[in-house]
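> Pasting a predicted model and its sequence here:
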Amino acid sequence: MTARLTPNGIAAINAGDLDLKPVFQVMEVTKITGSQERFRIVVSDGTTTQHALLATQLNEVARAGKVRRGSVVQLLEYICSTVQSRRMIVILNMEVLIMESEVFEKLENHPEAESANQKASLLNNSGFQGDQLPNGTSVSSSNKGQSYQPIVQPSYKPPPNYRGHGAIMKNEAPARIIPIAALNPYQGRWAIKARVTAKGELRRYNNARGDGKVFSFDLLDSDGGEIRVTCFNAIVDRFYGVIEVGKVYMICKGSLKPAQKNFNHLCNDWEIFLETSSVVELCPEEDGSIPAQQFNFKAISDIVNAENNSIVDIIGIVISINPSVTILRKNGMETQRRVANLKDKSGMSVELTLWGDFCNREGRQLQELLDSGAFPSLAVKAGKVSDFSGKSVGTISASQLFISPETPEALSLREWFDKGGKNISSNSISRETMAGLPLNEIRKNVSQIKDEGLGRGDKPDWVTLKATVSFVKTENFCYTACPLVIGDRQCNKKVTKLNNGNWCCERCDREFEECEYRYLLQAQVQDHTGVTWVTAFQDSGEDMLHCSAKELFMFKQHDDAKFAEIIRSFLFVQFLFRIKIKEEHYGDEQRLKITIVNAEKVDPSTESRYLLDEISKFNHITF
């Protein structure tokens, strides 16, 4: 295959000729280190060289080595920007004509080239046809059976000099539409065409600069690029009533600033801020090339290892939902909370906490479907992971819920559920089943906890222990806790009783008439290898005692016989404890803390199958 470089192509691009489709040779490929993977290349037109930046959609071409030193490429789409007083070509689309060839050095080194005009003349008249370069170096691929028709490009002519000839009309030509992934702060004129996938509420704020208002919306284009757009104050008045979720808009003119990752979950390092000169136009015709929404679903089993407060997309079948309850937030405002349970093909289930309007909107619709005997699928866009008392997912202001969506993932999930998935039991990850615990059970006995040094590393160990409770401290089996909700979780800090009979939480700096009671059980468990102390909190305490901490506290105050009966009911009963083991520091002393995160009574049938499976493994061992 042969190709011909475009004479003076770099000078033409720098002068603003974006309709040219020049052929260049790649002189260098460099990976740029940073938060987002990018590649920079140096291209040559045979006369001069120029730095260029590959758009992120071309990363795979560079990563796979399809473009390298010596490659000959044709630029199909590109823009030219000024970065730190240096011109930079941003390549949006290109074709690799020749993957490997000898590198042609710049003409400045040619002995006959004494000026730019001589170089251009030499390039055009030196017999540089096909794979023969001016200095005699060959630019060709090893596959001689193919031929490439040279691209005839007219030699670049510099623009006329209008100096002293009066005013020049400003270039009012429409900006070229570029992919969202190609946006960067160094572009002067740009336009994007994208669909609004989410629109935030109008929020008001007050800071040192005064009062203000803000709203934002998310965009998705046909290449899968996403970006958030934010409007402040007067710009809010212009565009808040214009933007509709699901509609496609042409947007141009605005400033790009680094995305605030604490509030922006989209996979983009930049965020658009609209200005007084910004233009937002509704596209009259529906663009089928732009999807309605883009998901990056995680299996529920993968949520176990997700970081706390991370934003994820999940999809599952809703198997249950609780009634909506009123929660008092720390700021004194009331809100609604409703908890649903989702399961998927991974064999796990997770609690989804709906907050605010989600409770009465999607939550009520889900409740009606479940009451009618249907188990709807639910896709969650931008749910927030919480590791409080196990892993769970909660809604935030940017979340979106899609009931029974017509997506391939939802249809596949529905088919699995209807063909037997509904009858498959699932393990919940929302009862503090700890990050890092493999889905297959790791059994240990009491002596192994000490002998193997479990919990003494940088991270806790999570194992299953089959044991019985032989003793429990009944003096302080629970504590009085704050009932207020902070953010999306209950405070649960210890509270003290005041002389007026109210309870006070120092953390929340609030008083209230009633408090919560939460388990803090200190118990001794034993198996055939030894004895150890463990701690059980609220959920695991209820699993073992089958009553709430408040109920047991009232029995202790008013009915000693009933209290003793409940305590005796779970002593010397065999449990499967899922435990967290971690060495902690108390002053200068190090102690091994073992916490029960889940407790289940041993089921003889299930345990027998487990033991038979373990025995069968020995059949493959040769002594």
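All right, it came through fine.
> which non-adjacent residue is nearest Trp533?
Residue nearest to Trp533 in three dimensions, not counting chain neighbours: Gln524, with 5.7 Å by Cβ to Cβ, 6 or more residues apart in numbering. In this view, the C-beta of every residue, glycine as well, is placed from N, C-alpha and C.
> Neighbours of that neighbour, how many?
By other Cβ atoms under 10 Å, 15 other residues sit near Gln524.
> Could you pull out the buried residues of stretch 529-544?
Thr532, Val534, Thr535, Ala536, Phe537, Gln538, Asp539, Ser540, Gly541, Glu542, Asp543, Met544 (16 or more other Cβ atoms under 10 Å).
> and the residue nearest to Trp533, bridged to which residues?
Using DSSP bridges, the beta-bridge partners of Gln524 come out as Phe471, Trp533.
> residues of the longest helix that the chain contains that come out buried?
With secondary structure taken from DSSP state H, the chain has its longest helix at helix 604-617. For helix 604-617, the neighbour count (16+ other Cβ under 10 Å) marks Tyr610 as buried.
> Return the alpha-carbon coordinates of it using CSV.
Extracted C-alpha coordinates of helix 604-617, given in CSV (Å, rounded to 0.1, in the frame of the first residue of the first chain):
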residue,chain,number,x,y,z
PRO,A,604,-29.8,-29.8,59.6
SER,A,605,-30.7,-30.5,55.9
THR,A,606,-28.6,-27.6,54.5
GLU,A,607,-25.7,-28.4,56.8
SER,A,608,-25.8,-32.1,55.9
ARG,A,609,-25.6,-31.2,52.2
TYR,A,610,-22.6,-28.9,52.9
LEU,A,611,-20.8,-31.6,54.9
LEU,A,612,-21.4,-34.2,52.1
ASP,A,613,-20.0,-31.8,49.6
GLU,A,614,-16.9,-31.3,51.7
ILE,A,615,-16.5,-35.1,52.1
SER,A,616,-16.8,-35.6,48.4
LYS,A,617,-13.8,-33.3,47.8
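> ok, so of the buried residues of stretch 529-544, who is nearest Ile317?
The nearest member of the buried residues of stretch 529-544 to Ile317, counting by Cβ to Cβ, is Asp539 at 23.4 Å.
> Look at the closest one and give its secondary structure.
Under the three-state scheme (DSSP: H, G, I helix; E, B strand; the rest coil), Asp539 adopts helix.
> before we move on, the earlier item: turn the buried residues of stretch 529-544 into TSV, including distance to Val495.
Shown next, in TSV, are those (distance: Cβ to Cβ, whole Å):
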residue	distance to Val495
Thr532	31
Val534	25
Thr535	20
Ala536	21
Phe537	17
Gln538	15
Asp539	20
Ser540	22
Gly541	19
Glu542	20
Asp543	25
Met544	25
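> Reformat those as a markdown table; add pLDDT and distance to Lys601.
Output for the buried residues of stretch 529-544, formatted as a markdown table (pLDDT from 0 to 100; distance: Cβ to Cβ, whole Å):
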| residue | pLDDT | distance to Lys601 |
| --- | --- | --- |
| Thr532 | 95 | 20 |
| Val534 | 95 | 16 |
| Thr535 | 94 | 19 |
| Ala536 | 93 | 14 |
| Phe537 | 91 | 19 |
| Gln538 | 88 | 18 |
| Asp539 | 84 | 15 |
| Ser540 | 87 | 13 |
| Gly541 | 90 | 14 |
| Glu542 | 89 | 13 |
| Asp543 | 86 | 9 |
| Met544 | 90 | 9 |
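> which helices and strands sit right next to the helix or strand where Ser216 lies?
Assigned by DSSP states H and E, Ser216 belongs to strand 210-220. Counting by 3 or more Cβ pairs under 8 Å, 6 or more residues apart in numbering; DSSP states H and E, the packing neighbours recorded for strand 210-220 are strand 191-199, strand 203-207, strand 226-232, helix 234-239.
> least reliable of those going by mean pLDDT?
Ranked by mean pLDDT, these bottom out at strand 203-207, with a mean of 83.
> what pairs with it, and is each one parallel or antiparallel?
strand 210-220 (antiparallel).
> How far does the strand it pairs with sit from its chain's centre?
Its chain's C-alpha centre and that of strand 210-220 lie 21 Å apart, by Cα atoms, centre = their mean, to the nearest Å.
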